[in-house]
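Engineer: for reference, the sequence and a predicted model appear below.
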Amino acid sequence: MPQLEVDGAALTYDDEGPRDGDGVPLVFVHGWTANRHRWDHQLDHFTKKRRVVRLDLRGHGESGGSGRRTVAELAGDVLAVLDHLELDRFVLVGHSMGGMIAQTLTLDHPERVERLVLVNSISRMTYSRGRGLLMAVSTMVPFKLFVAANIQRAFAPGYPREKIREYVRASADTPQEVVMTCYGAMRSFDVLDRIGEIHTPTLLVHGYHDIQLPVSQMLRMAKAYPDAVVRIVDAGHELPVEKPEELTAVLDRFLTDRP
């Protein structure tokens, strides 16, 4: 389990697959209160033929450190790991907050991102009415209740309750300071007026039942992308674990299509 010390935090990452495999490496960035294991299915599939890197963001999973106050700072952590691994060019895949990080990295370093994939993510943080109310009362309810309410809403109707409880417990293990600081970073995130600068081939894949970041918000973003493909999947906000096989298949097709 390799780690890299970045600004006082040990960031845990995986770097697997053939160095001389097909295409540039894939880099996966998870979302808020999650960890790098959201990408287990994709790691198992893609490492058979190409290099894959994924990491636990600061304060998440097996990485140490306190929360970052801006998405740009979170992107800086990811970039530090990629620089350490001497990855000059890669395909960048981000889920939810990870997609915000991926957009930030692409805007700042377009020459390094061969393709961009945003899973259940948006370019300007706008909460649905229910999510807004939940966030408004977040400081008035016990932390674990706040986390549970958020995670339970993230899955599409019918997803097994016992599996949801597993993800609730894992998310609640993320330190409260990290959860709330990263929430503040997401709340202030807004690059919607800049994404017209991203000419990197981009895949926007979203869960139809996502009530955390609704499809309508993603479609608003899609209109601003110069070169984007949109795919809607029968899932909620946690598409990487709700429909891992389908997401992997969508990624596979996108990676093999000509730019």
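Structural biologist: Cool, got the structure. Not measured: the values here are computed from a predicted model.
Engineer: for the spatially closest residue to Tyr225 that is not a sequence neighbour, what are its contacts?
Structural biologist: Once flanking residues are discounted, Tyr225 sits nearest to Thr202: 5.5 Å by CB to CB, 6 or more residues apart in numbering. Where you see a C-beta, it was placed from the backbone N, CA and C, and this is true even at glycine. In this structure, Thr202 makes contact with 115-118, 225, 227-229, judged by CB atoms under 8 Å, 6 or more residues apart in numbering.
Engineer: quickly find the element holding Asn150.
Structural biologist: Assigned by DSSP states H and E, Asn150 belongs to helix 143-153.
Engineer: list the buried ones in that helix?
Structural biologist: 146-151, 153 (16 or more other CB atoms under 10 Å).
Engineer: out of these, flag the one nearest to His206.
Structural biologist: Arg153 (15.8 Å; CB to CB).
Engineer: over to the residue nearest to that closest one when sequence neighbours are not counted: give its phi and psi.
Structural biologist: Closest residue to Arg153 apart from its sequence neighbours, by CB to CB, 6+ apart: Ile211 at 6.0 Å. Dihedral pair for Ile211: phi -100, psi -10, per degrees, to the nearest 10.
Engineer: distance of Ile211 from Met100?
Structural biologist: 18 Å (CB to CB, to the nearest Å).
Engineer: which residues in the chain form helices?
Structural biologist: 40-46, 71-84, 97-108, 129-136, 143-153, 161-172, 176-187, 215-224, 239-242, 244-256 (DSSP state H).
Engineer: low-confidence ranges, the chain, go.
Structural biologist: 127-140, 258-259 (pLDDT under 70).
Engineer: give me the angle between the helix holding Asn150 and helix 176-187.
Structural biologist: 50 degrees (axes from the mean of the first three to the mean of the last three CA atoms, to 10 degrees).
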